[in-house]
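Participant: Show me the folded form of this:
(one chain, ligands or ions: 2)
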Amino acid sequence: MAIKYGRPIEMRDGPRRDAAITAPPLDLVARLRRNRKAEWARRLVRESVLTTDDLIWPLFVADGVNGRTPVPSMPGVDRLSVDQCVRDAERALKLNIPCIALFPYTDPALRDLSGSEALNTKNLVCKSVRAIKREFPDLGVLCDVALDPFTSHGHDGLIEDGRILNDETVAVLVQQALVQAEAGCDIIAPSDMMDGRVGAIRRALDETGFVDVQIMAYAAKYASAFYGPFRDAIGSAKALTGDKRTYQMDSANSDEALREVELDIAEGADMVLVKPGMPYLDIVRRVKDTFGMPTFAYQVSGEYAMIAAAAGNGWIDRDRAMMESLVAFKRAGADGVLTYFAAEAAEKLKRNG
Ligand SMILES: NCC(=O)CCC(=O)O
Ligand SMILES: [Mg+2]
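Facilitator: Ligands and ions are numbered 1, 2, ... in the order given. From the prediction side, this is the model:
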């Protein structure tokens with residue numbers, strides 16, 4: 001349904017009033033509908049605004065040249081070879097998107113128990129960061145820190161007898177963060193949910209001369225069914241044994257999210273992230289109100305897939321659902337959103353001037 005600028009929602013040329021409908025006017029002091037009577041009036045009182053400055057665009061990188069492989073469970077999202085990743089980085093820059101985030105599809109042959117490929121200075125992420133920074137030094141690049149794209153078992157950390165080790169994992173994550181910072185990454189984003197990793201990474205970055213590298217902590221990351229398509233995209237779905245509930249948060253908890261965020265801030269996080277997004281907007285609001293930190297939300301793969309699939313079936317309007325979901329993050333208090341819709345939304349914002 002197209003609503004043109006300035007036009008009231010009610011159809012001007014629609015059905016005339018039924019003469020049988022009569023009622024005395026209500027004696028109302030306030031009629032909130034007055035502020036909604038036309039697009040210009042709605043714009044005037046709009047409380048939350050989405051701009052391209054609010055968007056971080058996650059991209060998937062894979063081996064190969066000139067490659068764009070669709071991710072079946074994320075219609076509209078491709079795995080990109082490094083050269084194509086650079087082209088999408090250029091697209092982001094042209095659309096005025098401030099920052100992209102990189103996630104690798106690691107060759108299964110390179111995955112092992114300890115995720116050693118994460119420390120390879122020539123791994124896909126590092127190659128992509130270098131290639132992007134060489135051409136577009138002014139585009140922000142965020143790199144995830146966690147071992148799941150690199151481990152044969154699909155977990156975010158080192159494993160021993162089915163247990164994910166905390167402190168031993170943190171030691172590896174520190175090395176991973178340094179490798180990425182060395183490659184030119186601007187924002188290190190630990191997504192592993194190990195205790196103490198933000199402080200350990202901050203110390204290591206500072207000691208090695210990377211004082212300006214920021215940390216966006218996935219502070220409140222929940223064990224969620226909504227990550228399914230992402231695990232397809234990075235090829236860890238089949239590998240994953242068990243679940244991540246001993247390190248990611250229980251979806252029933254809210255106070256605990258504040259404790260997580262508080263600790264990450266104390267350990268030196270520059271920005272905090274809540275993940276997933278739409279089912280956790282209450283957490284975004286509490287975090288923002290409690291700490292006043294730069295607060296981000298991740299509209300994760302399953303959220304993207306739900307909208308894309310329903311739209312693909314003609315059940316909802318893709319554009320409108322996309323924009324409504326994104327402005328909801330702003331309304332909840334987020335300063336920005338990691339979203340697979342970033343380029344599409346930025347294009348729409350640009351068209352609408
Ligand atoms: N560490 C990054 C993710 O786990 C992303 C999840 C998703 O998009 O579903
Ligand atoms: Mg924590």
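Participant: Next, count neighbours for Q214.
Facilitator: The criterion is other C-beta atoms under 10 Å. On that basis, Q214 has 17 neighbouring residues. For the C-beta atoms, the positions are set from N, CA and C on the backbone; glycine is no exception.
Participant: My guess is it contacts P294. True?
Facilitator: No - with contact defined as C-beta atoms under 8 Å, Q214 does not reach P294; the gap is 9.5 Å.
Participant: Give me the common contacts of those two.
Facilitator: Residues touching both Q214 and P294 (C-beta atoms under 8 Å, 6 or more residues apart in numbering) are 270-271.
Participant: Kindly report the residues of the chain close to ligand 1.
Facilitator: Within the chain, the positions adjacent to ligand 1 are 144, 146, 191, 227, 230, 300-302 by C-beta under 6 Å from any ligand atom.
Participant: And the helices in the chain?
Facilitator: Counting by DSSP state H, the chain forms helices over residues 39-45, 82-94, 124-135, 167-183, 197-207, 228-233, 255-266, 281-291, 301-312, 318-331, 342-351, given from the N-terminal end onward.
Participant: Counting by contacts, list what the fourth one packs against.
Facilitator: Put plainly, it is helix 167-183. Helices and strands in packing contact with helix 167-183 are listed as helix 124-135, strand 140-145, strand 187-190, helix 197-207; criterion 3 or more C-beta pairs under 8 Å, 6 or more residues apart in numbering; DSSP states H and E.
Participant: Output the ones you listed as CSV; include the columns mean pLDDT and mean neighbour count.
Facilitator: Rendered in CSV, the data for the helices and strands packed on helix 167-183 read as follows (pLDDT from 0 to 100; neighbours: other C-beta atoms under 10 Å):
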stretch, mean pLDDT, mean neighbour count
helix 124-135, 98, 20
strand 140-145, 98, 24
strand 187-190, 98, 25
helix 197-207, 98, 20
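Participant: any chance of those in TSV, plus distance to A321?
Facilitator: Output for the helices and strands packed on helix 167-183, formatted as TSV (distance: least, C-beta to C-beta, whole Å):
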stretch	distance to A321
helix 124-135	30
strand 140-145	25
strand 187-190	26
helix 197-207	34
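Participant: low pLDDT regions in the stretch 1-150 of the chain?
Facilitator: For the stretch 1-150 of the chain, applying pLDDT under 70 flags the ranges 1-15.
Participant: ok, 50 please
Facilitator: With pLDDT under 50 as the threshold, the stretch 1-150 of the chain has low-confidence stretches at 1-6.
Participant: Okay, the closest residue to S251 other than its chain neighbours and ligand 1: tell me how far apart.
Facilitator: The shortest distance from S251 to any residue other than its chain neighbours is 5.0 Å, reached at Y222 (C-beta to C-beta, 6 or more residues apart in numbering). When distances are taken as C-beta to the nearest ligand atom, to the nearest Å, Y222 and ligand 1 turn out to be 11 Å apart.
Participant: Now that Y222 has come up, it's in contact with L273, right?
Facilitator: No - the pair Y222 and L273 does not pass the contact test of C-beta under 8 Å, sitting 11.5 Å apart.
Participant: so who does the residue lying closest to A220 once chain neighbours are set aside touch?
Facilitator: Here the nearest residue to A220 in space, its sequence neighbours aside, is A257; by C-beta to C-beta, 6+ apart that works out to 3.8 Å. A257 makes contact with 219-220, 249, 274, 283, 286-287 under the criterion C-beta under 8 Å, 6+ apart.
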